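Student: sequence first, then the predicted structure, then my questions.
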Amino acid sequence: MTDDDIDYSDIPSQAGKLWTRPGALIPAENKQQITLRLDADIVTFFKETGSRYQSRINAVLREYMKAHQQG
């Protein structure tokens with residue numbers, strides 16, 4: 001079967017809808033606003049992943065922290 005043979009008629013159109021990646025919700029009172037200097041290519045990479053890119057940067061830093069706490 002090829003892609004052209006697949007019947008998509010029963011699937012609602014997703015055109016114009018914004019998809020986001022779910023993430024763990026952390027209460028706002030746990031957040032602290034800081035100024036952080038990051039390399040431009042890192043910022044560009046995360047911004048290209050879409051909205052909530054700052055949350056993804058935070059998730060990466062959290063995983064790094066967890067990895068270093070276990071040792």
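Tutor: Now that the structure is in, tell me what you want to look at. Residues are numbered from 1 along each chain as shown.
Student: check residue 71 and give its pLDDT.
Tutor: At residue 71 the predicted local distance difference test score is 56.
Student: err, residue 19, not the other one
Tutor: Taking residue 19 on its own, its pLDDT is 60.
Student: and for residue 27?
Tutor: Residue 27 is given a pLDDT of 67.
Student: what do you get for residue 43?
Tutor: On the pLDDT scale, residue 43 gets 96.
Student: do you know how far it is from residue 50?
Tutor: As judged by Cβ to Cβ, to the nearest Å, residue 43 and residue 50 stand 14 Å apart. (C-beta placed from N, C-alpha, C; glycine too.)
Student: cool, and residue 16?
Tutor: From residue 16 to residue 50 the distance is 15 Å (Cβ to Cβ).
Student: and these two? Which one has more around it.
Tutor: Neighbour totals were compared for residue 16 and residue 50, and residue 50 leads with 12 against 5 (other Cβ atoms under 10 Å).
Student: which SSE is that one in?
Tutor: Assigned by DSSP states H and E, residue 50 belongs to neither a helix nor a strand.
Student: same deal with residue 35?
Tutor: Applying DSSP H and E, one finds residue 35 in no helix or strand.
Student: in the strand or helix carrying residue 65, which residues are buried?
Tutor: Per DSSP H and E: residue 65 is located in helix 53-69. Buried residues in helix 53-69, counting neighbours by 16 or more other Cβ atoms under 10 Å, are found at 55, 56, 57.
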